[in-house]
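no FASTA, just this:
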Ligand code: ADP
């Protein structure tokens, strides 16, 4: 499963709740990068400048991380949160999963207007959430990541959910969208 959506859309919160219900593994690439930076690992040092400035970490570094994770999850479902973020990553993911006789089953896009996303990011106050960086991350989402909606729609995997509501309402919408897709 893949969670798409602009920064601030609530992917992390909703993914957390969903993996609990579905008993699958939650993989947040952003979370893993932040953890590596905090722990001061070599990988953390390599990605720090990207994460801090809101730029995308280069695809080959992201794929290195993901390949290792997928290899350790044989037979168990994964919910990717914040990945893939580029067309190259989406294609590479398909390739990696095929190698494990698996594939992307469903993609959830959480939609949210930019102004609402910005407001949420400003009140969250994470280190890469200063106004200019947050705006830049939104721009990167629109130009580079949003095109994935088309990629997955063409493959019949896409479910879109309006993320502009309280947490429980969005969770219910996600459940409904998943049921509709399975029907
Ligand atoms: P948000 O969705 O709020 O932007 P994330 O935690 O998903 O937060 O990502 C934080 C940062 O981590 C991004 O701005 C980017 O620098 C890096 N990052 C996370 N996932 C990816 C990815 N799949 N490809 C490239 N960079 C990524």
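Yep, that arrived. As the structure is a computational prediction, the values presented were derived from the model and not from experiment.

Now residue 25. Nearest residue, chain neighbours left out?
Spatially, and ignoring its direct neighbours in sequence, residue 25 is nearest to residue 78 (5.0 Å; C-beta to C-beta, 6 or more residues apart in numbering). All C-beta atoms are positioned from the backbone trio N, CA, C, and that covers glycine.

my read is residue 3 is in a helix, agree?
No - counting by DSSP: H, G, I helix; E, B strand; the rest coil, one finds residue 3 to be strand, located in no helix.

my guess is it meets residue 82, correct?
Yes - when contacts are counted by C-beta atoms under 8 Å, residue 3 is listed as touching residue 82 (7.2 Å).

Comparing these two, which residue is more hemmed in?
residue 3 (26 against 22; other C-beta atoms under 10 Å).

Please, which helix or strand holds the residue in the chain that the ligand sits nearest to?
With C-beta to the nearest ligand atom, the shortest gap between the chain and the ligand falls at residue 30, namely 1.9 Å. If you go by DSSP states H and E, residue 30 is part of helix 29-39.

Show me what whichever helix or strand comes after that helix packs onto, helices and strands only.
Under the assignment DSSP H and E, the closest C-terminal helix or strand after helix 29-39 is helix 42-53. Under the contact criterion of 3 or more C-beta pairs under 8 Å, 6 or more residues apart in numbering; DSSP states H and E, helix 42-53 touches helix 29-39, helix 59-71, helix 131-140.

about what we covered before: the residue nearest to residue 25: how many residues sit nearby?
Neighbours of residue 78 (other C-beta under 10 Å): 20.

Is it in contact with residue 29, as I believe?
No - the pair residue 78 / residue 29 is not scored as a contact, 11.7 Å apart, by C-beta under 8 Å.

and the helices and strands packed on helix 42-53 as TSV, adding mean neighbour count and mean pLDDT?
Shown next, in TSV, are these (neighbours: other C-beta atoms under 10 Å; pLDDT from 0 to 100):
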stretch	mean neighbour count	mean pLDDT
helix 29-39	16	97
helix 59-71	16	96
helix 131-140	16	95
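
looking at those helices, which is closest to residue 99?
Residue 99 lies closest to helix 59-71 among these, at 8.6 Å (C-beta to C-beta).

How far does the closest one sit from its chain's centre?
Its chain's C-alpha centre and that of helix 59-71 lie 14 Å apart, by C-alpha atoms, centre = their mean, to the nearest Å.
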